[in-house]
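*Asks:* compute the structure for the input listed below.
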Amino acid sequence: MAAVFGVPEIMKIHEINMPTSAIRAKIREQFEQHRYVEDLQVRDILLAKGQMEYQETMNVWKQNNHIMNYFSKDEAEPKPTTFLEKFYEGRS
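*Replies:* Got it, this is the predicted structure:
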């Protein structure tokens, strides 16, 4: 949970121009994905991975694009599905 307290510092280090609440919500979402995991060994691995992600971010081993990839699904425009949408996408 140290990542939630380190959000302002992460924003400062990586020059992220987003509200603090959005970043905290994304961190919370990552925890919620594995909410119902009951196997202790799996929980330990998930906890270790979360700590590694936090350390990589704080040590600036991750670049801005690595961090922004967490948000790309939320902000990405839907991909064209019909022929005309694909055609117009290719022209612009």
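*Asks:* tell me the centre residue of this structure?
*Replies:* Tyr70 (2.5 Å; Cα atoms, centre = their mean).
*Asks:* how many other residues sit next to the closest residue to it other than its chain neighbours?
*Replies:* In space, and not counting its chain neighbours, Tyr70 is closest to Lys26: 5.5 Å by Cβ to Cβ, 6 or more residues apart in numbering. Any C-beta I mention is one placed from the backbone N, CA and C, and that applies to glycine too. Neighbours of Lys26 under the rule other Cβ atoms under 10 Å: 15.
*Asks:* mind checking which helix or strand Lys26 is in?
*Replies:* Secondary structure assignment for Lys26, by DSSP states H and E: helix 20-32.
*Asks:* pLDDT (mean, whole number) over the helix or strand just after that helix?
*Replies:* Next helix or strand after helix 20-32 toward the C-terminus (DSSP H and E): helix 40-58. On average, the pLDDT along helix 40-58 is 93.
*Asks:* could I get stretch 80-90 in PDB with only the CA atoms?
*Replies:* Backbone C-alpha positions of stretch 80-90 (Å, rounded to 0.1, in the frame of the first residue of the first chain) are rendered in PDB as follows:
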ATOM      1  CA  PRO A  80     -12.700   1.000 -36.200                       C
ATOM      2  CA  THR A  81     -14.700  -2.100 -36.900                       C
ATOM      3  CA  THR A  82     -16.600  -1.400 -40.200                       C
ATOM      4  CA  PHE A  83     -14.900  -1.100 -43.600                       C
ATOM      5  CA  LEU A  84     -15.700   2.700 -43.800                       C
ATOM      6  CA  GLU A  85     -14.400   3.400 -40.300                       C
ATOM      7  CA  LYS A  86     -11.200   1.600 -41.200                       C
ATOM      8  CA  PHE A  87     -11.000   3.400 -44.500                       C
ATOM      9  CA  TYR A  88     -11.500   6.800 -42.900                       C
ATOM     10  CA  GLU A  89      -8.900   6.000 -40.200                       C
ATOM     11  CA  GLY A  90      -6.300   5.200 -42.800                       C
END
